[in-house]
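> Have a look at this prediction, sequence included:
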Amino acid sequence: MRFRQPSIIPGFGLTFSFTIFYLSLIVIIPIVGLFIKTFELEWSDFKRIVTGARFLAALKLSFGASLLAALFNVVVGVVIAWVLVRYRFFARRLLDAIIDLPFALPTAVAGIALTSLYVPEGWFGKLLTPLGVTVAYTPLGIWIALVFIGLPFVVRAVQPVLEDLSVDVEEAAATLGASRRTTIARVVLPAMLPAILTGFSMAFARAVGEYGSVIFIAGNIPRKTEILPLLIVFRLEEREYAAAAAIAAVMLTVSFVILLAINLIQAWSNRRFGNV
Amino acid sequence: MSDATFDVSHADAGSARSAVTEPFYVRALLIGLVVILLGLFLVVPLAAVFAQALALGLGAALATFADPDALAAIGLTLLVAAIAVPCNLVFGIAAAWAIAKFRFPGRAFLVTLIDLPFSVSPVVAGLVYVLLLGPFTPIGAWLLQDYGIRVIFAVPGVVLATVFVTFPFIARELIPLMQDQGTGDEEAALSLGASGWQTFRHVTLPNVKWALLYGVLLCNARAMGEFGAVAVISGKLRGETVTMPLQIELYYQEFRALAQVSAFSLAAVLASLALVTLAIKTWLEWRYSDQLAATRAGH
């Protein structure tokens, strides 16, 4: 048995070994190093770090705000994808292009822009303060930033599926007597489900790790508006390298689980719906 | 954009109600909702950057670019992108060639590993290098004492962190496209006597050039805008290891009105870069959609 199937195309040895070399150097070795650093900690120290009140507060905030932002993005993202794919209206292409702004705009720029809008004297802050709503330097502000950076994921995951979905099946459902609501709930949404789950996981994973757009609007009040990545930065500044590594190891493990979930969703979707 | 959708909506335009679209008021409501949402969440923050930059007039905004710190930051950002993007370009081409043109076990796993940096927090990306190459580590101490090379809290670290966060951009554009294109063209060229390099240069490269440009564009945008990973590793030495996004933070934290203007002026430069990136990206998708990879959900 050969490792690869025979081919007349040259260059496998060179490109494959370079790929593995570069991947190991830049990604694999540094990440393995982080886990090794974590294992330098005594079990009792590790336990103390991951059960500390400040860590638990940040953990709850990071995952809670990310979950709420990703859920909001699912609802909004499906509606946006539907409108962009199914309806024809003025400036549709412009809106379609603008969706990717959070991918293209540097996170620090997004962070200071959102903060300037939502501080009490900002454009939105001026309107919200009389209503008793404070956004800047509260968990609500963190949620706003996470909605901003996660907005494109669900839209971009669902859009191609909707484009491929033939209108014929909806016509068939209607001919068979289904109401429009039933057609959407029983025909369209199930077809979109794998894409929605993929988009949700990506938005969630991105939100948990997000730093630049959040720290400006969060205000970083200990135990109230501190996110996990910020705790890592603090531990680093205190030269508590092992503690920083421990928090990062927890976050990385969660990222791996999400990545695995995305792959399983895609494998499941390929089996169920065919590779579209 | 499937033409079928388009035809159906038009064919039924005359009839009172179509079975496969919503009533007019629902459509109008949804379109209005989307326009308002995108306006409030995306367009207004973008406009705020430019408005804040011009808050004290154009002169104050332009004065930012006379500050040596700002100029040094712009220079470093350009330098970092000029190193990181070509590194990941070479890697992207090599990885796509190995994965798309050959069949071997574990290809899917390799693609997952290449995508890994997308799911790692930028702060963790910076941290892994600090833990591996910091001056307190064996490798870091060896590099510093024997060769005088400082990696962490220095420019090489900033480059490394940027390479990490932009690692998958080009590879993930090329791999699906080259897999779709198969190996037929290359086999034909080789059987006609072309060398491996000639085949790549004259057959493969023209087939993927727009996808390549697309990947480089996205890679560059992220390289110039990266904040978290670089913030951890740079040590923020003004004029030395501070990139544009970090300089924005430093200005922003000064709380003087003029420093605020400087922060938003630098931010406006990066926002303009983002707009140019979006414009070219949209043009590529519109003009060469058939020559770009079919799957591009999420970046």
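Yep, it's here.

> From A:V147, how far off is B:L37?
10 Å (CB to CB, to the nearest Å). Yep, even glycine has a C-beta here, placed from its N, CA and C like the rest.

> err, A:F46, not the other one
33 Å.

> Could you do B:G134 as well?
35 Å.

> Run a quick neighbour tally on the closest residue to B:A19 other than its chain neighbours.
Closest residue to B:A19 apart from its sequence neighbours, by CB to CB, 6 or more residues apart in numbering or on different chains: A:A174 at 3.5 Å. Neighbourhood size, A:A174 [other CB atoms under 10 Å in any protein chain shown]: 17.

> Which of the helices or strands spans A:A174?
helix A:167-175 (DSSP states H and E).

> pLDDT value on the residue in the stretch 1-150 of chain B that chain A sits nearest to, please?
Nearest to chain A, among the residues of the stretch 1-150 of chain B, is B:S121, at 2.8 Å (CB to the nearest CB). With respect to pLDDT, B:S121 scores 95.

> Neighbours of the closest residue in space to it that isn't next to it in sequence, how many?
In this structure, B:S121 finds its nearest non-sequential neighbour in A:G209, 2.8 Å apart by CB to CB, 6+ apart. As a burial measure, A:G209 scores 25 neighbours (other CB under 10 Å).

> measure stretch B:178-192 end to end?
21 Å (CA to CA, to the nearest Å).

> average model confidence for that stretch?
93.

> in it, what's buried?
B:178-179, B:181, B:183, B:186-187, B:189-190 (16 or more other CB atoms under 10 Å in any protein chain shown).

> Stretch B:65-73 too?
Applying 16+ other CB under 10 Å to stretch B:65-73 flags B:67, B:69-70, B:72-73 as buried.

> Export those as a markdown table, with columns for secondary structure, distance to chain A and pLDDT.
Below are these laid out as a markdown table (DSSP: H, G, I helix; E, B strand; the rest coil; distance: CB to the nearest CB, whole Å; pLDDT from 0 to 100):
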| residue | secondary structure | distance to chain A | pLDDT |
| --- | --- | --- | --- |
| B:D67 | coil | 17 | 95 |
| B:D69 | helix | 16 | 95 |
| B:A70 | helix | 14 | 96 |
| B:A72 | helix | 17 | 96 |
| B:A73 | helix | 12 | 97 |
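
> closest to A:L25 among the residues you listed?
For these, the residue nearest A:L25 by CB to CB is B:A73; the value is 27.7 Å.

> list the contacts for that closest one?
B:242-244, B:246-247, B:266 (CB atoms under 8 Å, 6 or more residues apart in numbering or on different chains).

> so where is the chain shaky, pLDDT-wise?
Assuming you mean chain A. For chain A, the stretches with pLDDT under 70 are A:1, A:274-276.

> right idea, wrong chain: chain B
Scanning chain B for pLDDT under 70 picks out the ranges B:1-18, B:293-299.

> domain assignment for it?
B:1-53, B:58-291 (automatic domain parsing).

> The ones you listed into a markdown table, with extra columns for distance to A:A246?
Formatted as a markdown table, the domains of chain B follow (distance: least, CB to CB, whole Å):
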| stretch | distance to A:A246 |
| --- | --- |
| domain B:1-53 | 35 |
| domain B:58-291 | 11 |
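
> related to what we said a few turns ago, out of A:F46 and A:V147, which sits in the more crowded spot?
Counted by other CB under 10 Å, A:F46 and A:V147 do not tie: A:V147 has more neighbours, with 23 against 19.
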